[in-house]
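[1] below: sequence and its predicted model.
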Amino acid sequence: MIDISNLDSHIFDALSQTSDNMYIYIADLERDFSRWSKPSVDYFNLPGEFIENTAKEWVQHIHPADQHIFLEDIGRIFEGKSNRHNCEYRALNKYGKYVWVRCQGIVERNADGSLGLFVGTMMNLGVNAKFDQPTGLYTFHELKKQLPSFISHGMEGAVLLFDVDRLQRINDILGYLVGDEVLQRLGQKCQSLEGVISYRGPGGKFYCITTEKSENALDWIYKEMQKFSVEVPREMNLEIQLTISCGVAFFPQDAEDFETLHANVEYALEQAKKVGRGSIAQFSGQMHRKTVEKFRLQEVLRESVANNCRGFALVYQPLVNGETQDIYGAETLMRFYLPDGTLVSPMEFIPILEEDGTIRQVGEWLLNKALAQAALWRMENPDFVISVNVSYIQILQEGFREMVTRIVEESGTPEKQLILELTESCKVSDPNGLRDDFEYFKNMGINMALDDFGTEYSSIALLRKLKPQWIKIDHTFVRSIQDDEMDQAILEYIMNLSKQTRIKVCVEGVENEEILSVVQTYKPELLQGYYYSRPCPAEEFSKKYFNGKDKTGSYGCLKK
């Protein structure tokens, strides 16, 4: 039963009816439930006026490509970095269309600093909002309409994409009112540029279109923005360093369609930021090749998913008992091969799957295959444990719990012999909602683990919130552990903490005998690394570890 005492208010009801395109909501972050205005429930087809697991429920309504915008911004509140929420993204309405919304809110913290009530509004910007209210510039939606029209009418020119570096830091330190004023002034600056049409993008991004393509003309626009970045803090009496990075792409030579041109200028901006804040980079042939490669990979992945995940393969790396050196189980890892046999890095294909939302189908395929294989290995070693990686984006998806429960039951997997590893835990924006998922699976008997533990400042906070049964210490802590006293101290601290909290530890990155000898002194439950085996296909894994009993009498004793 949801306690609505904090959220029941006649004022809330009255405010809910004040605008046709403004929706309000209020959330109790400590207990993780919320109340939404009746118009918002109707327009976004929400399950009801009162909702539990708020972030998890709402993220289902956000466009897959925009989910990270919401999660990163709301995550700053949960991490204690900010008390304000302010971002724009696309949300699915009851008509099955994505509309742009501006989502804003403020959190009221309790006396001890913990999260309390969160009050927010969402403004419906519509599918084709024309002008950005804060700056008066054309919106990004207008850019998507106008730029293709310019190109189709034979116009030639350049797109300059400017981005205020570390805008979120300005908002956090000086407040959103200051951040908004900086953006308003930047909008005014864009409007003052002669021969330029300007558009407001998401966050601190601004697009400028010009028919001038000469190096001098583009350099003048860039330098005007750099002068602005120096003058505005002085005019506003702000003790901050403001920098604005820039990416440039030309049309029609760099691209004749909006999606490709936009991807090109975004990539140029990304390269500029890698050089250093406040830099400029022009899209090049090399960048073009990388952009085209990403689009091609995206199409290949979509085709693969539509054909029962053709091209995907699973490999397994042994998990080793730290004391006996016997095999304990295996971690399942995913590989993807192009039709010509080229191996694609998970760092390339997994983000694309998450952006597309196809990570759901691939994740289901992976779990089915891994648990079916583990069932065969349990015939040789009844205690064999299988570990499967899951991302935060996967867990957030609707029906994830039911999917895991169904596959576990169908495969006959003993729940205690399955580990679900949360990867990239630094991306977790709502630990309260995730805690419910962890508790659900733990109550089933499934083991939950935090992967790459210690690599992000939020690891300890997540450990406290989620209470996993396992943590996996990242290989970066053991790579130089023979000589690095700091790494030794960190490992010792984590091991002591885990013993006090009854959490088991797996140390990754055991690559040689020297590392093994040092790591074993800390007595971790499990070890993993190239010293034992690289990840290998199931057939090779079976030959290594399940060719009958070894001379000690135990199944799967490790043989190098």
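    Perfect, I can see it now.

[2] got the domain ranges for the protein?
    10-126, 138-283, 308-545 (automatic domain parsing).

[3] would you turn these into CSV with distance to residue 293?
    For every residue, glycine as well, the C-beta is placed using N, CA and C. Shown next, in CSV, are the domains of the chain (distance: least, C-beta to C-beta, whole Å):
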stretch, distance to residue 293
domain 10-126, 19
domain 138-283, 11
domain 308-545, 9
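
[4] nearest to residue 132, out of these?
    Closest approach to residue 132 among the domains of the chain (C-beta to C-beta): domain 138-283, 3.8 Å.

[5] just the mean pLDDT for that closest one, thanks.
    Throughout domain 138-283, pLDDT has a mean value of 90.

[6] and residue 404, how far from residue 525?
    24 Å (C-beta to C-beta, to the nearest Å).

[7] of these two, give the one with the bigger neighbour count.
    The neighbour count for residue 404 versus residue 525, taken as other C-beta atoms under 10 Å, is higher for residue 404 (25 against 17).

[8] surely residue 389 is in contact with residue 449?
    No - counting by C-beta atoms under 8 Å, residue 389 stays clear of residue 449, with 9.3 Å between them.

[9] hey, what's in contact with both of those two?
    residue 421 (C-beta atoms under 8 Å, 6 or more residues apart in numbering).

[10] measure the spatially closest residue to residue 211 that is not a sequence neighbour to residue 474 for me?
    Using C-beta to C-beta, 6 or more residues apart in numbering and skipping the chain neighbours, the partner closest in space to residue 211 is residue 157 (4.2 Å). Per C-beta to C-beta, residue 157 is found 47 Å from residue 474.

[11] give me the below-cutoff pLDDT ranges for the stretch 351-500 of the chain.
    For the stretch 351-500 of the chain, the stretches with pLDDT under 70 are 424-430, 454-458.

[12] tell me the SS of residue 389?
    Three-state assignment for residue 389 (DSSP: H, G, I helix; E, B strand; the rest coil): strand.

[13] could you grab the helix/strand/coil label for residue 497?
    Look at residue 497: counting by three-state DSSP, its state is helix.

[14] what's the burial count for it?
    Around residue 497 there are 14 residues (other C-beta under 10 Å).

[15] residue contacts, it?
    Contacts for residue 497 (C-beta under 8 Å, 6+ apart) come out as residue 503.

[16] show me where the stretch 351-500 of the chain has its strands.
    Assigned by DSSP state E, counting those that start in this stretch, the strands in the stretch 351-500 of the chain fall at 385-391, 418-423, 447-453, 470-473.

[17] adding distance to residue 334 and mean neighbour count, write those strands out as TSV.
    As requested, those are exported to TSV (distance: least, C-beta to C-beta, whole Å; neighbours: other C-beta atoms under 10 Å):
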stretch	distance to residue 334	mean neighbour count
strand 385-391	8	23
strand 418-423	11	24
strand 447-453	14	23
strand 470-473	17	26
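
[18] mind putting the ones you listed into JSON lines with distance to residue 431?
    Below are the strands of the stretch 351-500 of the chain laid out as JSON lines (distance: least, C-beta to C-beta, whole Å):
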{"stretch": "strand 385-391", "distance to residue 431": "15"}
{"stretch": "strand 418-423", "distance to residue 431": "11"}
{"stretch": "strand 447-453", "distance to residue 431": "11"}
{"stretch": "strand 470-473", "distance to residue 431": "15"}
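
[19] identify whichever of those strands lies nearest to residue 113.
    Checking these against residue 113 by C-beta to C-beta gives strand 447-453 as the closest, at 23.6 Å.

[20] got a list of contacts for that closest one?
    Against strand 447-453 from outside (C-beta under 8 Å, 6+ apart): 385, 387, 389, 416, 418-425, 438, 441-442, 459, 462-463, 466, 468-474, 494, 506.

[21] mind redoing it with 7 Å?
    The contact list for strand 447-453 (C-beta atoms under 7 Å, 6 or more residues apart in numbering) reads 389, 416, 418-423, 425, 438, 441-442, 459, 462-463, 468-474.

[22] and if you look at stretch 219-232?
    160, 162, 182, 185-186, 189, 193, 196, 208, 210, 242-244, 246, 278, 280.

[23] which of the residues you listed fall in helices?
    182, 185, 186, 189 (DSSP state H).

[24] out of those residues, who's nearest residue 319?
    residue 182 (50.5 Å).

[25] contacts only, for the closest one.
    Taking C-beta under 7 Å, 6+ apart as the test, what residue 182 contacts is 164, 170, 232.

[26] any chance of TSV for these, columns distance to residue 147?
    Supplementary listing: the contacts of residue 182 in TSV, determined by distance: C-beta to C-beta, whole Å:
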residue	distance to residue 147
164	22
170	29
232	28
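
[27] who's in contact with the residue lying closest to residue 208 once chain neighbours are set aside?
    Distances taken as C-beta to C-beta, 6+ apart put residue 160 closest to residue 208, at 4.4 Å, once the chain neighbours are dropped. Shown in contact with residue 160 (C-beta under 7 Å, 6+ apart): 208, 218, 221, 246, 248.
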